[in-house]
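Undergrad: Take a look and give me a structure for this.
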Amino acid sequence: MERYALRLVHPDIPAPAGLRVLAVRDGSGEGGPDGLAHETMPVVAIQSQVVHHYTSDDPRPVHPDPTLMERLGWHYRHQECRHAPICITSSGRVEALDPDDPCWILLPPDTPDDRVELLARRLKDEEGIRRTLEHRIEDIEQDHVEGD
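TA: Numbers count the residues shown, from 1 in each chain. You can find the predicted model right below:
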């Protein structure tokens, strides 16, 4: 069965004053033993996406228009809305974070620094576990392919 997710980006929503995002990333040597570091960045807007999910029994062409997707034989299943912050990085660039990336969390304006550090530690631990599991799955799949 074929699956396809059509993402439609909507206009940005201005962020409330003082809203920040905590993001965990590869530290390039500045992180702990796991190589992960965190940073807090001011949020300037929230990017909304509507994701339309389709399925088909056979491979089919895709199109960015939902109406044409159904005409091409895709079966509409459901939709979901995803949100991601648009923030200013420490280097001064404007960056939109991936709504599917589990390595960030929004922080209310009045979040104390010790709470931010606690959340950062938790996010780093969860990301370390996620990466370990991902590598194990890849190793198992590779062993399975080599065994065939």
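
Undergrad: in its sheet, what does the lengthiest strand in the chain sit against?
TA: Ranked by number of residues, the top strand in the chain under DSSP state E is strand 36-56. In its sheet, strand 36-56 lies beside strand 2-9 (antiparallel), strand 13-14 (antiparallel), strand 20-26 (antiparallel), strand 75-88 (antiparallel), with partners assigned from DSSP bridges.

Undergrad: Include mean neighbour count and mean pLDDT when you put the ones you listed into JSON lines, please.
TA: Glycine gets a C-beta too; all of them are placed from N, C-alpha and C. Rendered in JSON lines, the data for the strands paired with strand 36-56 read as follows (neighbours: other CB atoms under 10 Å; pLDDT from 0 to 100):
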{"stretch": "strand 2-9", "mean neighbour count": "13", "mean pLDDT": "88"}
{"stretch": "strand 13-14", "mean neighbour count": "11", "mean pLDDT": "90"}
{"stretch": "strand 20-26", "mean neighbour count": "19", "mean pLDDT": "91"}
{"stretch": "strand 75-88", "mean neighbour count": "15", "mean pLDDT": "94"}
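
Undergrad: Of the ones you listed, which is nearest Ile140?
TA: If you check each of those against Ile140 by CB to CB, strand 2-9 wins as the nearest, at 22.6 Å.

Undergrad: Good, we can wrap up now.
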